[in-house]
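Colleague: Build the 3D model from these lines:
(one chain, ligands or ions: 1)
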Amino acid sequence: ARRLSAVPQGHPLHGAVRDSALIRTLGGLPAEHAPVWFMRQAGRSLPEYREARAGTGMLEACLTPVLAAEITLQPVRRHGVDAAIFFSDIVVPMKLASVAVDIVAGRGPVLEHPVRTAADVAALPELPDAALDPIREAVARTVAELGGTPLIGFAGAPFTIAAYAVEGGPSRDHLRPRTMMHADPAAWDALAQWAARTSGAFLRAQVEAGASAVQLFDSWAGSLSLADYEQHVQRHSADALAAVADLGVPRIHFGTGTGELLGAMRDAGADAVGVDYRIPLDVAARRLGGRTVVQGNIDPALLDAPRDVLHEHTRDVLRRGRAAPGHVVNLGHGVPPGTVPDVLSELVTFIHKETR
Ligand code: CP3
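Modeller: Numbering: from 1, shown residues only. This is a model prediction of the structure:
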């Protein structure tokens with residue numbers, strides 16, 4: 001709360017946004033109801049998204065400001081969620097740095113040349129500041145339409161970015177990046193530093209253009225031991241989060257399968273820690289010493305269960321969330337593409353009623 005009141009006038013954290021349920025909760029302050037948003041709320045579950053995207057590649061959509069703004073706004077209009085999350089992707093800053101990367105439907109990010117050696121790392125292009133202009137424009141257009149609803153900016157964390165870069169595409173166990181950090185720690189360090197600079201610049205551009213909070217996605221950090229996380233990853237994630245530290249916006253740090261890493265992820269410089277569905281929120285809150293705001297962790301699988309089953313699960317999540325000094329309600333991971341949109345809209349109403 002102290003940090004938030006230090007925000008200068010004219011910054012995105014003004015007026016209604018500053019008093020919003022999301023920003024108050026992230027600051028450890030009471031709110032009118034629990035804030036709720038959904039990871040991957042913009043996307044294939046929405047018919048209006050599929051229509052807007054028709055004939056346009058994923059990365060092209062991300063780099064077309066009018067389209068990126070429209071897609072970002074769609075779930076706010078439809079579901080009444082308490083935050084927008086910027087429509088983009090964790091590999092967008094790589095693309096803007098001229099790395100040959102594409103997002104293949106049904107598969108994920110794929111690099112033309114995987115980054116496997118010290119020479120590959122040394123050849124990675126830097127992200128020019130001007131390349132971020134389409135991101136700035138998309139954020140500014142979005143914020144102009146959002147009014148009092150905050151926009152969350154985001155970036156991929158260095159490990160998750162490096163996991164795609166080294167593998168060259170999605171993988172299950174992330175063996176190659178985990179090998180690299182031990183087999184060639186200097187090359188690993190240089191790669192993680194590049195990723196931290198690139199993601200940090202991407203985050204900073206979004207906040208400077210009007211985002212009121214950020215989330216760092218370390219989606220695959222759960223494949224790491226705590227020792228590897230502390231020795232080879234944490235300081236790089238701290239660098240990415242530090243890129244926006246002086247701007248005074250709250251920072252959320254999320255990963256999946258990270259029950260053993262929650263404290264280390266908080267200590268990288270986060271105000272709130274995202275928790276996946278594998279660990280109950282009260283357990284997560286205790287592991288965080290009862291002093292850190294948590295986000296999560298409705299199991300996405302339950303979205304397709306009968307409504308009373310989903311409601312009972314959600315009540316349990318809300319109850320457990322009270323063990324933390326603040327709870328931002330979300331799913332334990334992204335919205336599955338087959339989700340019926342009305343289920344999400346109804347869930348927002350239910351959560352607001354239960355927590356008023
Ligand atoms: O609503 C939102 O959450 C905002 C937009 C967003 C996207 N990707 C859009 C997207 C965000 C925050 C991301 C982050 C992202 N991208 C992560 C971290 C979050 C997580 O899920 O753990 C990761 C690991 C990626 C990499 C990535 N991009 C994957 C694995 C995929 C899925 C590939 C597929 O088709 O199944 C993507 C593509 C992607 N990113 C889509 C969207 C809406 C689907 C593209 C499409 O509609 O064709």
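Colleague: Name whatever forms a beta bridge with the residue nearest the centre of the chain.
Modeller: Residue closest to the average C-alpha location in the chain (C-alpha atoms, centre = their mean): residue 215, at 3.9 Å. Here residue 215 sits in beta bridges with residue 154, residue 252, going by DSSP bridges.
Colleague: quick one: contacts for it?
Modeller: For residue 215, the contacting residues are 85, 152, 153, 154, 251, 252, 253, 254, 274, by C-beta atoms under 8 Å, 6 or more residues apart in numbering. Using the backbone N, CA and C atoms, a C-beta is placed for each residue, glycine as well.
Colleague: Sticking with the residue of the stretch 201-350 of the chain at minimum distance from the ligand, tell me its helix or strand.
Modeller: Going by C-beta to the nearest ligand atom, the ligand is nearest to residue 219 of the stretch 201-350 of the chain, at 3.1 Å. If you go by DSSP states H and E, residue 219 is not part of any helix or strand.
Colleague: Helix, strand, or coil at the closest residue to it other than its chain neighbours?
Modeller: Spatial nearest neighbour of residue 219, excluding adjacent residues (C-beta to C-beta, 6 or more residues apart in numbering): residue 160 at 5.1 Å. Recorded secondary structure, residue 160: helix (DSSP: H, G, I helix; E, B strand; the rest coil).
Colleague: Name all residues that make contact with residue 160.
Modeller: Counting by C-beta under 8 Å, 6+ apart, residue 160 touches 90, 217, 218, 219, 220, 221, 255.
Colleague: follow-up on the earlier one: report pLDDT for the residue nearest to the centre of the chain.
Modeller: You'll see residue 215 listed with a pLDDT of 98.
Colleague: could you measure the residue in the chain sticking out farthest from the centre against the ligand, distance?
Modeller: Among the C-alpha atoms of the chain, the one most distant from their mean position (C-alpha atoms, centre = their mean) is that of residue 119, at 30.4 Å. Here residue 119 is placed at a distance of 26 Å from the ligand (C-beta to the nearest ligand atom, to the nearest Å).
Colleague: which SS class is residue 294?
Modeller: Per three-state DSSP, residue 294 ends up strand.
Colleague: just checking, it touches residue 322?
Modeller: No - at 10.3 Å, residue 294 does not count as touching residue 322 under the criterion of C-beta atoms under 8 Å.
Colleague: I'd like to know how many residues surround the residue of the stretch 201-350 of the chain closest to the ligand.
Modeller: 22 (other C-beta atoms under 10 Å).
Colleague: Residue 14 too?
Modeller: For residue 14, the count of nearby residues is 14 (other C-beta under 10 Å).
Colleague: Which strands or helices does the biggest helix by length in the chain pack on?
Modeller: Across the chain, the helix with the greatest residue count (assigned by DSSP state H) is helix 185-208. Applying 3 or more C-beta pairs under 8 Å, 6 or more residues apart in numbering; DSSP states H and E, one finds that helix 185-208 contacts helix 92-96, helix 118-122, helix 133-146, strand 151-156, helix 158-167, helix 175-183, strand 213-217, helix 234-242.
Colleague: rerun at 6 Å
Modeller: helix 118-122, helix 133-146, strand 151-156, helix 158-167, helix 234-242 (3 or more C-beta pairs under 6 Å, 6 or more residues apart in numbering; DSSP states H and E).
Colleague: can you list those in CSV and add mean pLDDT?
Modeller: Formatted as CSV, the helices and strands packed on helix 185-208 follow (pLDDT from 0 to 100):
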stretch, mean pLDDT
helix 118-122, 98
helix 133-146, 98
strand 151-156, 98
helix 158-167, 98
helix 234-242, 98
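Colleague: Identify the spatial nearest neighbour of residue 210, chain neighbours not counted.
Modeller: Take residue 210 and drop its neighbours on the chain: the residue closest to it by C-beta to C-beta, 6+ apart is residue 143, 3.5 Å away.
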